[in-house]
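Asker: kindly generate the corresponding structure for this input.
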Amino acid sequence: MENRSTHSRSFSAGASGAERHSNGRRRAGLAFAVLASLTALLPIASTAVAETLKLGNEGVYPPFSMVDASGNLTGIEADLAREMCKRMGAECEILVMDFKALIPSMLQGKFDILVSQVTPTAERKEKMLFSTRIVANPMVFLVPAEGEYTLTKEGLTGKGMTIGMQRGGAHIKVAEDIFGDAVKYSLYDNPDQIHLDMIAGRINMSFEAKLNAVVDFLGKPEGKAFKIVGEDYWIGEASVPENERGLSWVVRKGEEALLARMDTAIKSIMADCTYTSIRKKYMDIAILPEDAACEAKVN
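Answerer: Below is the predicted model:
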């Protein structure tokens, strides 16, 4: 009787242990399911982190780019670049360096997008992909306002002309092809340096972007002693139709997906007239047909 009774109690305790074991397994299974659910969410959380892109700009090309007294990059290009990044859903950091260093630095992978104005030449197209044009900004020659000048090698021979140009630009070869050894050449890091030497009389001619020259030099009292002569020069590929000629932003070859996202963002900025709103903060001249079409819609 004792043995049965003991056996009975043992059986009863065993049944209780089985229940506890079953409950434990259920709790472990539930915990595993919760953990698996959380783990499944991890890739989603990681993709929600904003993409970070590095952009390169020269910072000394008013009114398109300049550094203010607080050290912040401002200007048309800077504002457009930030708006482009916003529409691409990316966080962007803009690195400022001399123009001559921008293309080599981008090709070396030091930043992702070059957001200064780049002319689409055949040589550059072999290494880079060009966005939709950002601005139509042809090159022009500036000379002293007093005097008549014929812009040929023969016309400037013996005139004592020294021409200032920005380092790293495709326009340097164009000027050399036109004038040969009839003029002297002086290269600078940015247009401000060119204009200071023109005012000081160290050089008496320049070959530079028209919009920059008109807004930041000729339109100011210190620029009144100079004038634009001759035609507007397109220094990109001759095969580009006139109504498509302009300067662009660029990325490395192989970044077609990034370029497509850039173009989508840039075109939307133009289409809803945000481009014009940004441009009007810095200059009164429309700089693209799309910009001119928005002129009356933006105060």
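Asker: gap between stretch 264-282 and the chain center?
Answerer: Relative to its parent chain, stretch 264-282 has a centroid offset of 14 Å by C-alpha atoms, centre = their mean, to the nearest Å.
Asker: who's in contact with it?
Answerer: 63-64, 75-76, 79-80, 83-85, 87-88, 131-132, 134, 249, 286-288, 290-291, 294-295, 297-298 (C-beta atoms under 8 Å, 6 or more residues apart in numbering). C-betas here are computed from N, CA, C, even on glycine.
Asker: end to end on it, go ahead and measure it.
Answerer: Its start and end residues considered, stretch 264-282 measures 24 Å (C-alpha to C-alpha, to the nearest Å).
Asker: re the thing from before, among the contacts of stretch 264-282, name the ones in helices.
Answerer: The helices in this structure, assigned by DSSP state H, contain 76, 79, 80, 83, 84, 85, 87, 88, 290, 291, 294 from those.
Asker: residue contacts, residue 56?
Answerer: Counting by C-beta under 8 Å, 6+ apart, the residues that residue 56 touches are 94-97, 102, 105-106, 110-111, 113-116.
Asker: among the residues you listed, name the ones in strands.
Answerer: The members of the contacts of residue 56 that map onto strands under DSSP state E are 94, 95, 96, 113, 114, 115, 116.
Asker: most surrounded residue in those?
Answerer: residue 115 (30 neighbours; other C-beta atoms under 10 Å).
Asker: so that residue makes contact with residue 55?
Answerer: Yes. With contact defined as C-beta atoms under 8 Å, residue 115 counts as touching residue 55 (4.9 Å).
Asker: can you list residues touching both of the two?
Answerer: Both residue 115 and residue 55 are contacted by 81, 94, under the criterion C-beta under 8 Å, 6+ apart.
Asker: residue 52 - how many residues pack around it?
Answerer: Residue 52 has 11 neighbouring residues, counting by other C-beta under 10 Å.
Asker: wait, doesn't it sit right on residue 94?
Answerer: No. No contact is recorded between residue 52 and residue 94 when judged using C-beta under 8 Å, the distance being 12.0 Å.
Asker: any idea how far the helix or strand hosting residue 231 is from the chain center?
Answerer: Following DSSP states H and E, the helix or strand that holds residue 231 is strand 226-233. Between the mean C-alpha location of strand 226-233 and the chain-wide mean there is a distance of 28 Å, by C-alpha atoms, centre = their mean.
Asker: so which elements touch that strand?
Answerer: Using 3 or more C-beta pairs under 8 Å, 6 or more residues apart in numbering; DSSP states H and E as the contact definition, the elements that strand 226-233 packs against are strand 139-144, helix 210-213.
Asker: try it again with 10 Å
Answerer: strand 139-144, helix 171-179, helix 191-200, strand 205-209, helix 210-213 (3 or more C-beta pairs under 10 Å, 6 or more residues apart in numbering; DSSP states H and E).
Asker: distance-wise, check residue 284 relative to residue 128.
Answerer: Here residue 284 is placed at a distance of 32 Å from residue 128 (C-beta to C-beta, to the nearest Å).
Asker: where does the prediction get shaky in the stretch 1-150 of the chain?
Answerer: Scanning the stretch 1-150 of the chain for pLDDT under 70 picks out the ranges 1-49.
Asker: switch the cut-off to 80
Answerer: Segments of the stretch 1-150 of the chain classed as low confidence (criterion: pLDDT under 80) are 1-50.
Asker: which residues in it form strands?
Answerer: Under the criterion DSSP state E, counting those that start in this stretch, the stretch 1-150 of the chain contains strands at 51-57, 60-61, 65-67, 73-74, 90-96, 113-118, 128-130, 139-144.
Asker: export the fifth one as CSV, just CAs?
Answerer: Right, the one you point to is strand 90-96. The C-alpha trace of strand 90-96 is given here as CSV (Å, rounded to 0.1, in the frame of the first residue of the first chain):
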residue,chain,number,x,y,z
ALA,A,90,20.3,61.9,-49.3
GLU,A,91,22.4,63.7,-46.7
CYS,A,92,25.1,65.6,-48.5
GLU,A,93,28.4,67.1,-47.4
ILE,A,94,30.0,69.7,-49.8
LEU,A,95,33.8,69.8,-50.0
VAL,A,96,35.4,73.0,-51.2
